[in-house]
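Chemist: For reference, the sequence and a predicted model appear below.
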Amino acid sequence: MDERSIGLTLDEIAKVRFRTAVAGGPEKTTAILAALRGWHANVLITDAATGHAVSKAEGLPNSVGSLRGTRRTQVQGGNRVKTKKLINNADNIIAEMLDGMIKAHPKHLRQLDGSPRSIVAVDGPREGKVGIVVGGGSGHEPSFVGYVGKGLADACAIGNVFASPPPDPIVECTKAVSGGAGVIYLYGNYAGDVMNFDMAAEMATMEDIEVRTVLSTDDIASAPFDQKEKRRGVAGNFFIFKIAGGAADKMWSIDECERVARKANARTFTVGVALSPCSLPQTLRHNFEIGAGEMEIGMGIHGEPGISREPLRSADDVTDGILERIFGEMNAPEGAKVAVLVNSLGSTPLMELYVINRRIAERLGRNGISVHETWVGTYCSSLEMAGMSITLIHLDDELTELLDHPCDCAMFRAG
Amino acid sequence: MTTITSQNLVDLFLAIAAAIDQDKERLSELDGVIGDADHGVTMNIGFTAVKNALGGLDTTEADPTTVFNTSAKSFLNAVGASSGPLYATAFMRAGAAVKGESALDRNAMVEAFKAMAKGIQDRGKAERGDKTMVDAWLPASEAIEAAAERDESLAACFAAAATAAEEGAEATKTMQASKGRASWLGARSLGHMDPGAASTALIVRTMADVFAHI
């Protein structure tokens, strides 16, 4: 080994107190173990997968007492694990999904001729009504296409997995639902979506269709209060779409529809928590790593890192922490009225969501806030991510009336 | 003096498509650290569409502007996302910069390249230091302009741009993101290369490699 070392000899190294080795790649496990067992190194800097492999080979238990960093070795996910999915060809996944969707919901949805990524409501768009066009990346089903139907959105432009749709399908949706009273674009605030929808708005304007845009920014964990305009739109879209869709169905003017959409967005607050990652069909790799005993508060619905990574706590503790953040911004006085959405990010089951909702109801009751209506289930997912989000919308009479307005969509019905 | 024909441009785009396809996993992994882990996937979908669209083009008929515009349209409609509008704008601006020309000399190619960088900055509204692809495009654009002023060859101009883009991408490791998805990370984005800047470096390096052999 001396012949392969530059600098200090092994004897000299042995006299150094902290002997740090840097090595990566599970294929080097044997060599790393030899260096460690021979005490040539007593500090190892490595990646999670290698660390896991080394400690496993050494027969270490999963939690190694005071050894800091071992928690990171028990990662869920990581790039070396291939995930399992029931797919055919990842390149055709959107087309195949839409094909199956249209066959499941022929009474609600249709694909536009020549623009298959433009999904339009069979019933809804009509002369004199403001058109509501929503859209975004795929992988969040039932968002956003599930909210296309009478009384809610008129059309949805479909993007690739976690990627904004291009301008063309958005423009085609716009033309298909324009009833002469203007069209409102409603979507989450993401750089890619903004660029594509803005390009589409320019193109629609050239065809003499008036387009207004309302961005949803309900994820209060995604940026601080003084940078509200940077916040992401997540599950709160459900309320914002519903309210704007109700206003449009009541044949309100584009000014009024835009006003209530903005009001709904300003009064909708979401915080999510992620427990385990998801994987894209094209990569079959987890999109982030998280320790087995960890959760990430505020993680985005594409796996964007959140505000803090903490040890996993009980449902009540997690709910309390999220509600504290929401109450801090909502400023709802005693006697106020809210609607609640407890949303699964994909694989967290209804059982856990109901446990969480029980605590939400308890906390709201204690604060003297009444619950007008509660939705519990998968409304805005992140493929198979585990975790959930809590959304509250602070209602007033106008928002309540619009939320109660009937709608009939492919994947959602109310009233 | 070297001139670039429509066929050369098509070859250039095919070379970029091949380079992205080969490097897509690394780009997605870079994105996984600070974004949503799909940058390699998105770029690959985009350039595969470009490759297919250009395959249907008769380069004896199509002028360079048509090659750029065909690439722009096919890229945009295949991906959307944020790279769609950014690269589509880049290619359309390049096409506009060389409108009416049937073959491109060094100066025209340099102008086309500068127009790409400007288009990306205009569309994304990012500034230098925001930790985006602009941090690779702008230094590359300045380097190619300086090289052209020194009257260096087409190959040398693009080699200078490629080096500047690589250095710019490397420098994004020291930056804190303030645009796009990575911006929500704040200080946690420090130390990681921006995936958009990384793919830019790869694209510009591929351009340099192709022009070195024409």
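Modeler: Great, that's in hand. All values derive from a computational prediction rather than experimental measurement.
Chemist: How many residues are close by the residue in the stretch 301-415 of chain A that chain B sits nearest to?
Modeler: Using CB to the nearest CB, the single residue of the stretch 301-415 of chain A nearest to chain B is residue A:302, 3.7 Å away. Any C-beta I mention is one placed from the backbone N, CA and C, and that applies to glycine too. Residues lying near residue A:302 (other CB atoms under 10 Å in any protein chain shown) number 26.
Chemist: Same question for the one 5 residues further on.
Modeler: A count of nearby residues for residue A:307, using other CB under 10 Å, gives 20.
Chemist: quick one: contacts for residue B:8?
Modeler: Residues near residue B:8 by CB atoms under 8 Å, 6 or more residues apart in numbering or on different chains: B:210, B:214.
Chemist: swap that for residue A:22, please
Modeler: Applying CB under 8 Å, 6+ apart to residue A:22 gives the contacts A:44, A:45, A:46.
Chemist: Can I get the buried ones among these as something I can paste into PyMOL?
Modeler: To isolate the buried ones among these in PyMOL, judged by 16 or more other CB atoms under 10 Å in any protein chain shown, type:
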select buried, chain A and resi 44+46
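Chemist: Where does pLDDT dip in the chain?
Modeler: With no chain named, the answer covers chain A. Along chain A, segments meeting pLDDT under 70 span A:1-5, A:26-27, A:49, A:56, A:59-80.
Chemist: Actually, chain B is the one I wanted.
Modeler: Scanning chain B for pLDDT under 70 picks out the ranges B:1, B:36, B:180-188.
Chemist: which one's the longest helix in it?
Modeler: helix B:6-34 (DSSP state H).
Chemist: Who are the packing partners of the very next helix or strand once past it?
Modeler: The first helix or strand that comes after helix B:6-34 along the chain, using DSSP states H and E, is helix B:39-55. Counting contacts by 3 or more CB pairs under 8 Å, 6 or more residues apart in numbering or on different chains; DSSP states H and E, helix B:39-55 is packed against strand A:155-161, helix B:6-34, helix B:64-79, helix B:83-97, helix B:195-212.
Chemist: can I get the contacts of residue A:22 in CSV with secondary structure?
Modeler: Output for these, formatted as CSV (DSSP: H, G, I helix; E, B strand; the rest coil):
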residue, secondary structure
A:44, strand
A:45, strand
A:46, coil
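Chemist: export the contacts of residue A:22 to TSV and tack on distance to chain B?
Modeler: Below are the contacts of residue A:22 laid out as TSV (distance: CB to the nearest CB, whole Å):
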residue	distance to chain B
A:44	20
A:45	14
A:46	17
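Chemist: and which of the contacts of residue A:22 is nearest residue B:134?
Modeler: Taking CB to CB as the measure, residue B:134 lies nearest residue A:45 of the contacts of residue A:22, at 33.1 Å.
Chemist: In contact with the closest one, which residues are there?
Modeler: A:20, A:21, A:22, A:23.
Chemist: Could you do residue B:14 as well?
Modeler: Neighbour list for residue B:14: B:51, B:54 [criterion: CB under 8 Å, 6+ apart].
Chemist: now residue B:124, nearest residue through space, not along the chain?
Modeler: Nearest residue to residue B:124 in three dimensions, chain neighbours excluded: residue B:86, at 5.5 Å (CB to CB, 6 or more residues apart in numbering or on different chains).
Chemist: Could you do residue B:32 as well?
Modeler: Residue B:32 sits nearest to residue A:287 (CB to CB, 6+ apart), 5.6 Å away.
Chemist: Now for the one you found, how many residues are close by?
Modeler: 26.
Chemist: Show the backbone phi and psi for it.
Modeler: With angles defined as degrees, to the nearest 10, residue A:287 sits at phi -90, psi 0.
Chemist: just checking, it touches residue A:279?
Modeler: Yes: Residue A:287 lies in contact with residue A:279 (CB atoms under 8 Å); the separation is 6.3 Å.
Chemist: The stretch 51-200 of chain A against chain B: which residues are in contact?
Modeler: Taking CB under 8 Å from any CB of the partner chain, the part of the stretch 51-200 of chain A that reaches chain B is made up of A:79, A:91, A:137, A:159-168, A:190-192, A:195-196, A:199.
Chemist: Mind checking which of those are buried?
Modeler: A:79, A:137, A:159-168, A:190-192, A:195-196, A:199.
Chemist: which residues touch residue A:237?
Modeler: With contact set as CB under 8 Å, 6+ apart, residue A:237 has these partners: A:134, A:143, A:144, A:147, A:186, A:187, A:188, A:216, A:218, A:380.
Chemist: doesn't residue B:207 make contact with residue B:159?
Modeler: No: counting by CB under 8 Å, residue B:159 does not reach residue B:207; the two are 9.6 Å apart.
Chemist: centre of the chain versus the longest helix of chain B, how much separation?
Modeler: 10 Å (CA atoms, centre = their mean, to the nearest Å).
Chemist: now swap in stretch A:169-183 and tell me
Modeler: Per CA atoms, centre = their mean, the centroid offset for stretch A:169-183 relative to its chain is 27 Å.
Chemist: how about it: buried residues?
Modeler: Across stretch A:169-183, burial judged by 16+ other CB under 10 Å covers A:169-179, A:181-183.
Chemist: got a list of what residue A:322 touches?
Modeler: Here residue A:322 is in contact with A:271, A:273, A:297, A:390 (CB under 8 Å, 6+ apart).
Chemist: and if we set it to 10 Å?
Modeler: A:220-221, A:269-273, A:297-298, A:356, A:359-360, A:388-390, A:392 (CB atoms under 10 Å, 6 or more residues apart in numbering or on different chains).
Chemist: Top of those by number of neighbours, please.
Modeler: residue A:270 (33 neighbours).
Chemist: how about whichever strand or helix holds it as PDB, C-alpha atoms only?
Modeler: Taking DSSP H and E as the definition, residue A:270 sits inside strand A:268-276. C-alpha atoms of strand A:268-276 as PDB (Å, rounded to 0.1, in the frame of the first residue of the first chain):
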ATOM      1  CA  THR A 268     -56.000  30.500   0.300                       C
ATOM      2  CA  PHE A 269     -53.100  29.100   2.300                       C
ATOM      3  CA  THR A 270     -51.400  25.700   1.900                       C
ATOM      4  CA  VAL A 271     -48.500  24.000   3.500                       C
ATOM      5  CA  GLY A 272     -47.400  20.500   2.600                       C
ATOM      6  CA  VAL A 273     -45.100  17.900   4.100                       C
ATOM      7  CA  ALA A 274     -43.200  15.200   2.200                       C
ATOM      8  CA  LEU A 275     -42.300  11.800   3.600                       C
ATOM      9  CA  SER A 276     -40.800  10.000   0.700                       C
END
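Chemist: Mind checking what helix or strand follows that strand in sequence?
Modeler: Trace forward from strand A:268-276 with DSSP H and E and the next one is strand A:290-291.
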